[in-house]
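> Have a look at this fold, sequence not included:
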């Protein structure tokens, strides 16, 4: 069972930018692309743990601020020659409101 | 004994003639040139890109002063020949210089045709012929007012596009029903008119100019049908006629131009004529390819090869307006004995027409897609029977014989004698031969050795494909390295086009310059953002989402995701109150590490992002501003204690360092800029490995630049010595601004200087006071918008979202 949690409005995030959501399991980075797509991934680069939420957003990808790995926001996988991936978190947009699904919470609530 | 060769005129034709002559008969002649224009030989075909701002004059010079010196050629600049004495065999200039000749070459070119309507001599009526005309037009364009271009041919349209790019409201008047009717059929003329109009240029065809009127200067143009068009600038570009007056006065046979035989010799056997002033077999020429052929023939004749002869051939026409692809060749009038093949693709804006006679191509018009021009030209030249491929001919070379649709394959399939460069008449075999024979690896080398793509440049793509085919993977077609994989353009081209096209947002740059990705990448976006900030300081809205995190939050990200903060300490000077404030901040926010930096200030490391605004607020209370330790911008100005304290100090190095830092802080630059001022040559501030350094001496200030002490170690170069602190500041600021305007993003000063040349930088900053002042003024202007302390802005609430989590979820539930 998915536990959808409201995290705020799409307008809280700048276009081609990201905001963080603090959870007991660590930070989640929520991205908004130039075309208003929204993605959520763990805020933790598979390379050396860099905060992906601080990177430059281009297309549906983000470049990590520490060592320039490029991570796909859709799949969480490193693009190009690098290998690695980061957990993606389901996002739902209802009107302006954003929700993310927290599995861990779901299991606890069950 | 050397013979005396005198040349009247210093345009492209005699310039090319000399190159051939120096190769064929070095040392045979002692050469003297008289040039009515006060300058060296430049590429006249490139005047249009100069007018539109896409190129600078320096970039279109063919032979610089050094070339004449190297070859022992005497060049009289700004000397117009007023008399030729054929009996005494001398020429005389308007400045009274008389020079004897054994052989004389007349290359006086052409003069623009002026329609003799009333008002044609009013101030504000210009022609479009040489660099002076271009400069006058660029000056007039600064008014951003209305211009009328009379003439819708090649020159007129290029002038109109250039003036439009310079911000003028332009109307083109053309007397015929369609544009460029001599090179284009009506259908292509219509497409061209539409493309020109889409750029915001108005076009009036069948426009019969009746008068130009105005009170003391141009105010309006009146047409025969009563239409009145207001204008402050009128450019006449209706045609040219050979400039043969001086030859006529000397009694040389002149018809339309100076009459010469196939060996370019006039009726005086010691006098030759070439270029636009010459008439061969009843024809005069204006395009560069036949003029270069004349140059080759004349040089051969002068070198003793009497068999060399000029043969007429059709030359393709191309329009040099960025974004308009147009190719025209040969004869394309309708006729009973002719057939035509036409392809139209309205949505792509493509029109192609081939005119055939007896199964052979006699004329070609291509609009919108011109890649097959060289191939059609080749088929026409060789009179190839096309009946076999008639059905697919119009689709181009790649469709023949089922070959794949690959431009590379098309170039590979061209025969060795296919012409690649129309301007210089260079065929494929010559280029590939030079590449393998001489081991050429860069486009510049190929240009230098073969001249291919060295004139108008429109065949550059073809030449590059040939290089790829010949060299394989070892050739990196990016002799111009693209900025990133989002574009094929290099940094310099992008910077120039941003200015030339007036692009003022990142989306505009990506749209106009045809970016391959929807919103760029982490390489190009910060670069574009910098270029726009630098070029349009008052108009561009800084795009923070295109900045690296450090510049977005004005602190340095560390490996664990925390940040470090460095407040500015002007010139490295501090005091008890400042140190106390720093100590308090360190305690209050439990900052784990405090360190003295190499730039004479204090770094606080390990600050949580959420705490940044509060840290800044406390530091701000004590008078600190951001030290920009994270910026591609001015970092520190390191100083020694100078004449205030030091027994060796010659000037107030500390005070000057503080002054520089207070003047220049906040400015963005292509890469970080570190400076230093040392009070004496003992150089305690280590100024000689900085981006910009000053060594104070008794007699003034020695300015250094282009040092490095990071990835590379490099001592500085000396820019020059100035007497006063004010002068030193002006020079340093001007140098920095020059770098800001020309540097590629992330290119440090020493790399930029290596690319531009130390001598050129000295020339612009030390020797050219006007240029220096202009750079200085532009820096000062941009500082008006840059000197805002980013920390206090954020303490006041700017970009709040950056520093707070969007939400905290799950904690309450987890606690249950």
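The structure has been received and is ready for your questions. Just so it is clear, the model here is predicted, and its values are computed rather than measured. Residues are numbered from 1 along each chain as shown, chains lettered A, B, ... in the order given.
> Could you list the low-confidence segments of the chain?
Chain wasn't specified; assuming chain A. Where chain A drops to pLDDT under 70, the residues are A:1-2, A:104-110.
> Oops, wrong one, chain B.
Judged by pLDDT under 70, chain B has its weakly predicted residues at B:1, B:322, B:346, B:398-407, B:476-480, B:812-816.
> Show me where chain A has its helices.
Using DSSP state H, the helices of chain A run over residues A:103-109.
> Then the stretch 501-650 of chain B?
Along the stretch 501-650 of chain B, counting by DSSP state H, counting those that start in this stretch, helices occupy B:506-512, B:524-535, B:549-553, B:576-588, B:612-621, B:642-645.
> Tell me which of those sits most buried.
Mean neighbours per residue, mean count of other C-beta atoms under 10 Å in any protein chain shown, is largest over those for helix B:524-535, with a mean of 23. In short, each C-beta sits where N, CA and C put it, glycine included.
> Just name whatever secondary elements it is in contact with.
strand A:56-58, helix B:491-500, helix B:506-512, helix B:725-742 (3 or more C-beta pairs under 8 Å, 6 or more residues apart in numbering or on different chains; DSSP states H and E).
> What residues sit buried inside the second one?
Neighbour-count burial for helix B:491-500, with 16 or more other C-beta atoms under 10 Å in any protein chain shown as criterion, is recorded at B:491, B:493, B:494, B:495, B:496, B:497, B:498, B:500.
> Same list, these, but as CSV with distance to residue B:47 please.
Formatted as CSV, the buried residues of helix B:491-500 follow (distance: C-beta to C-beta, whole Å):
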residue, distance to residue B:47
B:491, 25
B:493, 19
B:494, 23
B:495, 21
B:496, 16
B:497, 18
B:498, 22
B:500, 14
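> ok, so of those, who is nearest chain A?
Taking C-beta to the nearest C-beta as the measure, chain A lies nearest residue B:494 of those, at 16.7 Å.
> got a list of what the closest residue to the closest one other than its chain neighbours touches?
Excluding its sequence neighbours, the residue lying closest to residue B:494 (C-beta to C-beta, 6 or more residues apart in numbering or on different chains) is residue B:483, at 6.1 Å. Residue B:483 is in contact with B:489, B:490, B:491, B:494, B:523, B:524, B:527, counting by C-beta atoms under 8 Å, 6 or more residues apart in numbering or on different chains.
> Now with 10 Å, please.
Residues in contact with residue B:483 (C-beta atoms under 10 Å, 6 or more residues apart in numbering or on different chains) are B:489-495, B:513, B:515, B:520-521, B:523-524, B:527-528, B:744-745.
> One more: residue B:486?
A:58-59, B:510, B:513, B:515-521, B:523-525, B:528.
> what's the answer for residue B:280, then?
B:257-264, B:273-274, B:290, B:293-294, B:297, B:309-312.
> how many neighbours does residue 55 have?
Because you didn't say which chain, this covers chain A. Using other C-beta atoms under 10 Å in any protein chain shown, residue A:55 has 26 neighbouring residues.
> could you do chain B instead?
When neighbours are counted by other C-beta under 10 Å, residue B:55 registers 18.
> Over to the nearest residue to it once chain neighbours are set aside. Which of the three states is it?
Computed as C-beta to C-beta, 6+ apart, the closest residue to residue B:55 that is not its neighbour in sequence is residue B:49, at 4.1 Å. Judged by DSSP: H, G, I helix; E, B strand; the rest coil, the three-state class of residue B:49 is helix.
> hang on, residue B:49 packs against residue B:493?
No. Using C-beta atoms under 10 Å, residue B:49 makes no contact with residue B:493, being 11.6 Å away.
> Can you pull the residues that touch both of these two?
Common contact partners of residue B:49 and residue B:493 (C-beta under 10 Å, 6+ apart): residue B:500.
> Can you show me the strands along the stretch 401-550 of chain B?
Ranges of strands in the stretch 401-550 of chain B, per DSSP state E, counting those that start in this stretch, are B:419-421, B:426-427.
> got those as CSV, with mean neighbour count and distance to residue B:561 columns?
What follows is these, written out as CSV (neighbours: other C-beta atoms under 10 Å in any protein chain shown; distance: least, C-beta to C-beta, whole Å):
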stretch, mean neighbour count, distance to residue B:561
strand B:419-421, 25, 55
strand B:426-427, 20, 58
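> With distance to residue B:685 added, can I get those in JSON lines?
Below are these laid out as JSON lines (distance: least, C-beta to C-beta, whole Å):
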{"stretch": "strand B:419-421", "distance to residue B:685": "54"}
{"stretch": "strand B:426-427", "distance to residue B:685": "55"}
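> For chain A, which of those is the nearest?
With C-beta to the nearest C-beta as the criterion, chain A lies closest to strand B:419-421 of the strands of the stretch 401-550 of chain B, at 36.1 Å.
> in its sheet, what does the closest one sit against?
When pairing is defined by DSSP bridges, strand B:419-421 lines up against strand B:426-427 (antiparallel).
> just how off-centre is the partner strand within its chain?
Averaged C-alpha coordinates place strand B:426-427 at 26 Å from its chain's average position (C-alpha atoms, centre = their mean, to the nearest Å).
> can you give me the strands in chain A?
A:4-9, A:17-23, A:26-32, A:38-42, A:56-58, A:61-63, A:70-72, A:88-89, A:91-94, A:97-101 (DSSP state E).
> what angle sits between the last one and strand A:38-42?
Direction vectors for strand A:97-101 and strand A:38-42, defined by axes from the mean of the first three to the mean of the last three C-alpha atoms, to 10 degrees, enclose an angle of 30 degrees.
> other SSEs contacting strand A:97-101?
Counting contacts by 3 or more C-beta pairs under 10 Å, 6 or more residues apart in numbering or on different chains; DSSP states H and E, strand A:97-101 packs against strand A:4-9, strand A:17-23, strand A:26-32, strand A:38-42, strand A:91-94.
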